[in-house]
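Build me a model from this:
(2 chains)
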Protein chains: 2
Amino acid sequence: MKTVDPQTVVEQLNWRYATKKYDPTRKIPAEMWTALEQSLVMSPSSFGLQPWRFVVVNDPAVRAKIREVAWNQSQVVDASHLVVIASRVGFNDADVERYFDRTVEVTGVDRAKLDGYRNLILGYIKTPPPHVKLDDWTARQTYLALGFFMSAAASMGIDTTPIEGYDPVAVNKILSLPEQGYTATVLATAGYRAPDDKYLLSPKVRYTTQEVVKHV
Amino acid sequence: MKTVDPQTVVEQLNWRYATKKYDPTRKIPAEMWTALEQSLVMSPSSFGLQPWRFVVVNDPAVRAKIREVAWNQSQVVDASHLVVIASRVGFNDADVERYFDRTVEVTGVDRAKLDGYRNLILGYIKTPPPHVKLDDWTARQTYLALGFFMSAAASMGIDTTPIEGYDPVAVNKILSLPEQGYTATVLATAGYRAPDDKYLLSPKVRYTTQEVVKHV
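Numbering: from 1, shown residues only, chains lettered A, B, ... in the order given. Predicted coordinates for the structure are as follows:
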């Protein structure tokens, strides 16, 4: 496998910024977009359960409607792509069975051999540990997928913006997500920065490494 | 900036897996580990507030203690590195002021010019939107950082494992996190897979792209 040297990794992390103004004329090439979809599909998740759905909004009319309930942010319509990242609400036994059906399909393993792991997961969702609420737990997993998506984009030289400033009830309604058992957790746009995005020139504000990374 | 082609991105996504057995003799070179710390430090977060802390546990005795409260998983002690990812509990006005102090320090901008943005954030944390609970919101941001960390590692050919199976109360106590205003949200190990890790040979189980990625 081709790997990337650490200097380039750090350079890509510094190059990335939450793009506020996109060049609306530039579209992400198809093979790059396919790789970005794969970064979502292949993202890790708790127990591998993938409690999520990703809605790519291509229809300009739908994007305009979402912009209206997303603080009027222009990225929603100007970026090459918009993805609504959604988490499973009310994750339950049927979701677990669906996962094991898929496991059997992909691996060809005897379903009964998976009973130990299956029962472990069923027990976890029946009686989650005291600090876990299932809807929050599925929502967190979607932020992990967002991290893979944004990292993959930056490594290909594609700009992204994570957007929490929107009305989830309204976005859910526009995309009929609750009927499907999902709720929007975060939006992400992807495309190419406008050369005159004023945020491009702002230095990144980060606490010092000494302040946020502790060694024991 | 050097970029990575989409084929390599997909190859790296497929190469990555939640490593269960590490080669305990292999250590991550210092400059790669520095880049991995930077992936955490440079990770995006809501409003840029970085409501997190990352504890790198080097002390073998502390790692052994954490293993005891992490379902006895061997990765905790065998991997080259262990990071406990923690989120801010009780995020408040003082955290916002700290962020703006840092912004002034880094950018040299007049603090008063930031009042509009500052008041927006203060208003958000005083009266969060109905779907937002601040402790969950800070916890979600740490999963985004985890995504950046795991992606950066995979791109350098370093294995990782995200670990949710542990007792957060016990880990918090071992690292005195609550006294500092933080709580462990997820652990991550990093290092090199053992050639005989049986999970290496398991095919990855993912739903089809058609099933999780919808286009509208």
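
Which helix runs longest in chain A?
helix A:134-155 (DSSP state H).

In contact with the closest residue to residue A:147 other than its chain neighbours, which residues are there?
Spatially, and ignoring its direct neighbours in sequence, residue A:147 is nearest to residue B:147 (1.6 Å; Cβ to Cβ, 6 or more residues apart in numbering or on different chains). (Each C-beta comes from the backbone N, C-alpha and C, glycine too.) Listed by Cβ atoms under 8 Å, 6 or more residues apart in numbering or on different chains, the contact partners of residue B:147 are A:43, A:143-151, B:43.

shaky segments in chain A?
Chain A contains no residues with pLDDT under 70.

Do a quick rundown of the helices in it.
Going by DSSP H, chain A shows helices at A:6-15, A:30-41, A:60-68, A:75-78, A:93-107, A:115-126, A:134-155, A:168-175, A:209-212.

that older thread, what's the most distant pair in the contacts of residue B:147?
A:43 and B:43 (15.2 Å; Cβ to Cβ).

Which residue does chain A have closest to chain B?
Across chain A, no residue is closer to chain B than residue A:147, which sits at 1.6 Å (Cβ to the nearest Cβ).

May I have stretch A:146-163 exported as CSV, CA atoms only?
Taking Å, rounded to 0.1, in the frame of the first residue of the first chain, the C-alpha atoms of stretch A:146-163 are listed here in CSV:
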residue,chain,number,x,y,z
LEU,A,146,-17.4,12.7,9.4
GLY,A,147,-13.8,12.7,10.5
PHE,A,148,-12.9,10.0,7.9
PHE,A,149,-14.8,12.0,5.3
MET,A,150,-13.1,15.3,6.0
SER,A,151,-9.6,13.6,6.3
ALA,A,152,-10.0,11.7,3.0
ALA,A,153,-11.1,15.0,1.3
ALA,A,154,-8.1,17.0,2.7
SER,A,155,-5.7,14.3,1.6
MET,A,156,-7.1,14.6,-2.0
GLY,A,157,-7.0,18.4,-1.9
ILE,A,158,-10.8,18.8,-1.5
ASP,A,159,-12.2,21.4,0.9
THR,A,160,-15.0,20.6,3.3
THR,A,161,-17.1,22.3,5.9
PRO,A,162,-18.8,20.6,8.8
ILE,A,163,-22.1,22.3,9.6
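
Give me the buried positions along stretch A:109-119.
Using 16 or more other Cβ atoms under 10 Å in any protein chain shown as the test for burial, stretch A:109-119 gives A:114, A:118.

Contacts for it, please.
Taking Cβ under 8 Å, 6+ apart as the rule, stretch A:109-119 contacts A:96, A:100, A:103-104.

how long is that stretch from one end to the other?
Taking Cα to Cα, to the nearest Å as the measure, stretch A:109-119 stretches 16 Å from start to finish.

Go ahead and confirm residue A:194 touches residue A:21.
Yes: with contact defined as Cβ atoms under 8 Å, residue A:194 reaches residue A:21; the gap is 4.2 Å.

residues contacting residue A:64?
Here residue A:64 is in contact with residue A:77 (criterion: Cβ under 8 Å, 6+ apart).

now swap in residue A:209 and tell me
So residue A:209 contacts B:37-38, B:41 (Cβ under 8 Å, 6+ apart).

Bridged to residue A:81, which residues?
residue A:190 (DSSP bridges).

Can you report how many residues lie near it?
Neighbourhood size, residue A:81 [other Cβ atoms under 10 Å in any protein chain shown]: 20.

shouldn't it be in contact with residue A:33?
Yes: in this structure, residue A:81 is within contact of residue A:33 by Cβ under 8 Å, at 6.5 Å.

From residue A:168, how far out is the nearest residue to residue A:165 once chain neighbours are set aside?
Take residue A:165 and drop its neighbours on the chain: the residue closest to it by Cβ to Cβ, 6+ apart is residue A:71, 4.6 Å away. Noted for residue A:71: a distance of 13 Å to residue A:168, by Cβ to Cβ, to the nearest Å.

Looking only at neighbour counts, state which of the two leads.
When residue A:71 and residue A:168 are compared for neighbours, residue A:168 comes out ahead with 21 against 11, by other Cβ under 10 Å.

residue contacts, the more buried one?
Per Cβ under 8 Å, 6+ apart, neighbours of residue A:168: A:183-185, B:131.

Which one (most neighbours) among those?
residue A:184 (27 neighbours).

is it true that that one touches residue A:175?
Yes: if you go by Cβ under 8 Å, residue A:184 and residue A:175 touch, sitting 7.3 Å apart.

Spell out which residues are contacts of both of the two.
Residues touching both residue A:184 and residue A:175 (Cβ under 8 Å, 6+ apart): A:84, A:86.

Name the residue most distant from the centre of chain A?
residue A:112 (32.7 Å; Cα atoms, centre = their mean).

Would you check how far apart that residue and residue A:124 are?
For residue A:112, the distance to residue A:124 - Cβ to Cβ - is 20 Å.

got it, and residue A:190?
34 Å.

So which of these two has more stuff around it?
residue A:190 (26 against 18).

got a list of what the more buried one touches?
With contact set as Cβ under 8 Å, 6+ apart, residue A:190 has these partners: A:28, A:36, A:79-83, A:149, A:153, A:158-160.
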